[in-house]
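S.K.: Structure, please.
(2 chains)
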Amino acid sequence: GAVVSQHPSRVICKSGTSVKIECRSLDFQATTMFWYRQFPKQSLMLMATSNEGSKATYEQGVEKDKFLINHASLTLSTLTVTSAHPEDSSFYICSASDATNEKLFFGSGTQLSVL
Amino acid sequence: GNSVTQMEGPVTLSEEAFLTINCTYTATGYPSLFWYVQYPGEGLQLLLKATKADDKGSNKGFEATYRKETTSFHLEKGSVQVSDSAVYFCALIEGRRALTFGSGTRLQVQP
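M.R.: Numbers count the residues shown, from 1 in each chain, chains lettered A, B, ... in the order given. Predicted coordinates:
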C-alpha cells in the first residue's frame, strides 16, 4: 500500500483563490520532504526542500511567498498555492525521506487547474 | 547543471514485444541513476537503480545498465505485459537527496 498519501489528487479552482495540498507519510517519520512540479511534456522540477520544524529551502525561480510550505510535523507537509493564476496550473508531487535517507517515497500527485 | 533526457512517448507496443526506453544524462560527477514508474492513480515507485558505472539494475524483468562512456541508462524489457502500462521516469541523484528527473515516457501495452 501507499506509504505517502497526497491529497487532493485533482483540484480545479478560480483565479485568485488559494489551494492547499497535503502530503502525509503513513508509516515512517519524514524528516525531509520534497515538492516537485511538472508542466506538460516537461520534467519534474524540484520546487523546494523542507525539513521538519524549519523553513523550506526554495529552488531558484520559485516564489516562496506564492508557494507556502509548512512541515510542522514528521508526518505532514503542506504546499499552499496562494492567489493562484492559470499559469500555476500544473502537476504537483511530493516525496518524503526518513532520517537515514534510505527511504524515499512519492505521493500520487495533484493535478491543479486554475481557471 | 544536471539534466536527464528521455525519449518522448507515448510508446505503444503489443504484449510480449521488446521494450527500450532511452535515457541519457548530464552530470558534473558520478551520479546514481534510477528508473521510477508511475501506474495510473499511484505515486512514483522505484523500479531499479545503479550507483556506479557498468552496474546493471534489474527488477520485474526490467533492466538498465549504467554506461558512463555514453552517459546513458536505457531501460529494457524482453517481453512486456499489459500490466506494464505506466509512465516511466529516468532520474539521477548527485550529492543531494533531491532527484533530477527526465520528462517521463508513457508506455501503452496492447493485448
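
S.K.: Return the residues in contact with A:Tyr92.
M.R.: A:Tyr92 makes contacts with A:Ile21, A:Trp35, A:Tyr36, A:Arg37, A:Gln38, A:Met47, A:Leu79, A:Gly109, A:Thr110, A:Leu112, as judged by Cβ atoms under 8 Å, 6 or more residues apart in numbering or on different chains. (Each C-beta comes from the backbone N, C-alpha and C, glycine too.)

S.K.: Now cross-check these against chain B and list the overlap.
M.R.: Among the contacts of A:Tyr92, the residues lying close to chain B (Cβ under 8 Å from any Cβ of the partner chain) are A:Tyr36, A:Gln38, A:Gly109.

S.K.: Let's see if you can find the most crowded of those residues.
M.R.: A:Tyr36 (24 neighbours; other Cβ atoms under 10 Å in any protein chain shown).

S.K.: is that one in a bridge, and if so with what?
M.R.: Using DSSP bridges, the bridge partners assigned to A:Tyr36 are A:Leu46, A:Ile93.

S.K.: Double-check it against A:Ser95; I have them as touching.
M.R.: Yes: assessed by Cβ atoms under 8 Å, A:Tyr36 is found in contact with A:Ser95 at 7.2 Å.

S.K.: and stretch B:88-98, which residues are buried?
M.R.: B:Tyr88, B:Phe89, B:Cys90, B:Ala91, B:Leu92, B:Ile93, B:Glu94, B:Ala98 (16 or more other Cβ atoms under 10 Å in any protein chain shown).

S.K.: So for A:Thr57, what's the pLDDT?
M.R.: A:Thr57 carries a pLDDT value of 92.

S.K.: residue contacts, residue 38?
M.R.: Going with chain A. A:Leu44, A:Met45, A:Ser90, A:Phe91, A:Tyr92, A:Ile93, B:Gly104.

S.K.: if you could check chain B rather than the one you did, that'd help
M.R.: A:Gly109, B:Leu44, B:Gln45, B:Ala86, B:Val87, B:Tyr88, B:Phe89, B:Gly104.

S.K.: Can you name the residues of chain A sitting close to chain B?
M.R.: A:2, A:4, A:6, A:9, A:32, A:34, A:36, A:38, A:41-46, A:49, A:93, A:95, A:97, A:101, A:104-109.

S.K.: Just the buried ones from the residues you listed, in ChimeraX syntax?
M.R.: If you want just the buried ones from the residues of chain A next to chain B in ChimeraX, going by 16+ other Cβ under 10 Å, the selection is:
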select /A:4,6,32,34,36,38,43,44,45,46,49,93,95,97,104,105,106,107,108,109
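
S.K.: how about the strands in the chain?
M.R.: No chain in the question, so chain A it is. A:4-7, A:10-13, A:19-25, A:32-38, A:44-51, A:57-58, A:67-73, A:76-81, A:90-97, A:104-106, A:110-114 (DSSP state E).

S.K.: Sorry, I should have been clearer: chain B.
M.R.: B:3-6, B:11-14, B:19-21, B:23-26, B:32-38, B:44-50, B:56-59, B:62-65, B:75-77, B:86-93, B:100-101, B:105-110.
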